[in-house]
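**Q** give me a 3D structure for the following:
(one chain, ligands or ions: 1)
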Amino acid sequence: MSITAIKGMNDILPGEVETWQFLEQSARDVFGLYGFSEIRTPIAEKTELFCRSIGETTDIVEKEMYTFNDKSEKSLTLRPEGTAPVMRSFIQNRLHNLDPVSKLFYLGPMFRYERPQKGRYRQFHQIGAEVIGVEDAKIDAQVLAMLHQYFVRVGIESVSLQINSLGCPDCRPGYRQKLIGYLELCLDNLCADCQRRYQTNPLRVLDCKAAGCQAATLDAPSVLEHLCSPCNDHFSQVKHYLNILQIPFIVNSRMVRGLDYYVRTTFEMVTDQLGSQNAVAAGGRYDGLVESLGGPALPGIGFAIGLERLVLMKGEQRIGAAMPQLFIAAIGTEAAERAFVLMSQLQVAGVRVEMDYLGKSLKAQMRRANKLNAAFTLILGEEELGTGQAQLKNMSDSTQSLVALDAFVEFFAKKQV
Ligand code: HAM
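**A** This next block holds a predicted model:
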């Protein structure tokens, strides 16, 4: 039996990869405008990094990590997300000494052992961005403006931005206790998962998809009504700056994130096009994270975009492979050799050229030129080699012109610029 890929881990094939490249390049372009530099961290990290940052009681750490011992019995984990590795690298390389404000972005595969379904995979790709060093709400709005601009750039409009504030270590514990008290009264109506976690991670219950939990928590206390005054002011400023930048948003006080490091502003870009996997991008503030990982007490904020979900949304608007600018059809060994040399010279000159390698008939070669969507074809046979001239056919309007083979490379390369 042939070997197949691991469940939930997908190949990205020619024909699809062009959409990926477009989405990745657009991120480099847009994020560059906002002053972000790329950072690349290893795929695997010490397991402890994720336990300490994402949180021991989160779904990711409890059940979704790809954790294994290496040959010297060290526990390693394939990164389930990018924020913790970037913070680890930021601290280790003392990036705060280079600049008081660090703006970093990354893209690459992440790994979570989740149940695969449309839009949810075990290896998936994120484009993420992080700003370390700024507490001012202007940066929250700026990060969201950049995310908004990215979606505009890639032509995805059917998304909406939802924002919330989760408070801080001063005000959240009080809210948490109040929520636990509320949940205790409706415990029988909660799903088994929520009955288990309502004490350890009560905010997660608000986010549970089970109908019973949703109905039971309809009147649950709102986090926004329990913010301390500095958190309340910060959230008001975020909304103010979003308004003056004309970034549309909805406040969703029930939005909870699946990672423990968040404080204050959290957000998601959601769509109704992807069924239950409706978050195309998500993020928020993590002001205590750098310090808790052994670094300086610097605030941070960022997001990650799920690339597979974006690709699904691009759907029909896929970007195909670049078509050849020229197909050289050759009949006979000598003509094939001349075609081969011409092709190589044109490629060096920056032209996308194809030819036949399988000894096919002229008819079959023309069929292939059509299939590849070549812009021009050049037909070479014994006669053309003899006269030193050949017909160049424009495939879109079928017009032909006689060209000199000796000067062809220069002629055609110039024609393309
Ligand atoms: P997250 O919400 O866990 O946040 O993931 C961000 C995005 O990654 C999701 O909104 C979704 O689009 C995509 N995603 C997550 N899991 C999967 C999966 N199994 N299959 C396909 N796509 C998935 C984070 O990872 C945070 N590090 C974001 C962040 C950066 N917060 C601050 N800075």
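**Q** can you give me the buried ones in stretch 337-351?
**A** Going by neighbour count (16 or more other Cβ atoms under 10 Å), the buried part of stretch 337-351 is 338-339, 342-343, 345-346, 351. Using the backbone N, CA and C atoms, a C-beta is placed for each residue, glycine as well.
**Q** beta partners for Ile163?
**A** Counting by DSSP bridges, Ile163 is bridged to Val251, Phe267.
**Q** which ones are touching it?
**A** 144, 238-239, 242, 249-252, 255, 265-267 (Cβ atoms under 8 Å, 6 or more residues apart in numbering).
**Q** ok, now how distant is it from Phe303?
**A** 12 Å (Cβ to Cβ, to the nearest Å).
**Q** what sits in contact with each of the two?
**A** Phe267.
**Q** nearest to the ligand: which residue in the stretch 101-250 of the chain?
**A** Nearest to the ligand, among the residues of the stretch 101-250 of the chain, is Phe124, at 3.4 Å (Cβ to the nearest ligand atom).
**Q** swap in the stretch 201-350 of the chain?
**A** Closest point on the stretch 201-350 of the chain to the ligand, by Cβ to the nearest ligand atom, is Gly306, at 2.2 Å.
**Q** list the backbone torsions phi and psi for that residue.
**A** Dihedral pair for Gly306: phi -90, psi 110, per degrees, to the nearest 10.
**Q** now do Phe68
**A** Dihedral angles for Phe68 - degrees, to the nearest 10 - are phi -150, psi 160.
**Q** which residues touch the nearest residue to it once chain neighbours are set aside?
**A** The shortest distance from Phe68 to any non-neighbouring residue, by Cβ to Cβ, 6 or more residues apart in numbering, is to Leu76 (6.1 Å). Leu76 sits next to 44-47, 67-70 when contact means Cβ under 8 Å, 6+ apart.
**Q** pLDDT value on Leu76, please?
**A** If you check Leu76, the pLDDT there is 98.
**Q** name the residues linked to it by a beta bridge.
**A** Lys46, Phe68.
**Q** hang on, Phe408 packs against Met343?
**A** No: assessed by Cβ atoms under 8 Å, Phe408 is found out of contact with Met343, at 10.9 Å.
**Q** in the one helix or strand Gln149 maps to, what counts as buried?
**A** Applying DSSP states H and E as the criterion places Gln149 in helix 137-153. The neighbour-count check on helix 137-153 (16+ other Cβ under 10 Å) flags 137, 139-151, 153 as buried.
**Q** how would you label the nearest residue to Val154 once chain neighbours are set aside: helix, strand or coil?
**A** Spatial nearest neighbour of Val154, excluding adjacent residues (Cβ to Cβ, 6+ apart): Ser26 at 5.0 Å. Three-state call for Ser26 (DSSP: H, G, I helix; E, B strand; the rest coil): helix.
**Q** quick one, grab the pLDDT at Glu316.
**A** We note a pLDDT of 66 for Glu316 in this prediction.
**Q** before we move on, what about Ala220?
**A** 94.
**Q** interface residues of this protein facing the ligand?
**A** Proximity of the chain to the ligand is confined to 81-83, 112, 114, 119-121, 124, 126, 128, 130, 258-259, 279-284, 302-304, 306, 308-309 under the rule Cβ under 6 Å from any ligand atom.
**Q** low-confidence ranges, this protein, go.
**A** Scanning the chain for pLDDT under 70 picks out 316-318, 417.
**Q** can you map out the helices along the stretch 201-350 of the chain?
**A** 202-206, 211-216, 229-244, 289-292, 307-314, 333-348 (DSSP state H, counting those that start in this stretch).
**Q** again but with the stretch 51-200 of the chain, I slipped
**A** 59, 83-92, 137-153, 172-185, 192-197.
**Q** tell me which other helices or strands the last one touches.
**A** Pointing back at helix 192-197 there. helix 202-206 (3 or more Cβ pairs under 8 Å, 6 or more residues apart in numbering; DSSP states H and E).
**Q** ok, and what's touching the helix it packs on?
**A** Under Cβ under 8 Å, 6+ apart, the answer for helix 202-206 is 166, 176, 179-180, 183, 190, 194, 197-198, 213, 217, 220, 223, 254, 256, 258.
**Q** rerun at 6 Å
**A** 176, 179-180, 183, 194, 197-198, 213, 217, 254, 256 (Cβ atoms under 6 Å, 6 or more residues apart in numbering).
**Q** quickly name whichever of the residues you listed is closest to Ala364.
**A** Val256 (60.0 Å; Cβ to Cβ).
**Q** residues touching Met87, list them.
**A** 289-290, 293.
**Q** okay, buried residues for stretch 298-317 please.
**A** Quick answer for stretch 298-317 (16+ other Cβ under 10 Å): 298-314.
**Q** I misspoke; the intended subject was stretch 249-266.
**A** 249, 252-266.
**Q** stretch 322-338 now?
**A** Buried, per 16+ other Cβ under 10 Å, within stretch 322-338: 324-331, 335-336, 338.
**Q** how far off centre is that stretch?
**A** 39 Å (Cα atoms, centre = their mean, to the nearest Å).
**Q** what distance separates the start and the end of it?
**A** Stretch 322-338 has an end-to-end distance of 25 Å (Cα to Cα, to the nearest Å).
**Q** so Asp140 versus Ser165, what's the distance?
**A** 10 Å.
**Q** shared neighbours of these two, anything?
**A** Thr265.
**Q** circling back to that earlier point, find the nearest non-adjacent residue to the residue of the stretch 101-250 of the chain closest to the ligand, please.
**A** For Phe124, the closest residue by Cβ to Cβ, 6+ apart turns out to be Glu308, at 5.2 Å.
**Q** what does Leu402 give?
**A** Leu402's closest residue in space is Gln389 (Cβ to Cβ, 6+ apart), at 5.3 Å.
**Q** what's the burial count for the residue nearest to Pro296 when sequence neighbours are not counted?
**A** Nearest non-adjacent residue to Pro296, counting by Cβ to Cβ, 6+ apart: His96, 5.8 Å away. By the criterion of other Cβ atoms under 10 Å, His96 has 17 neighbours.
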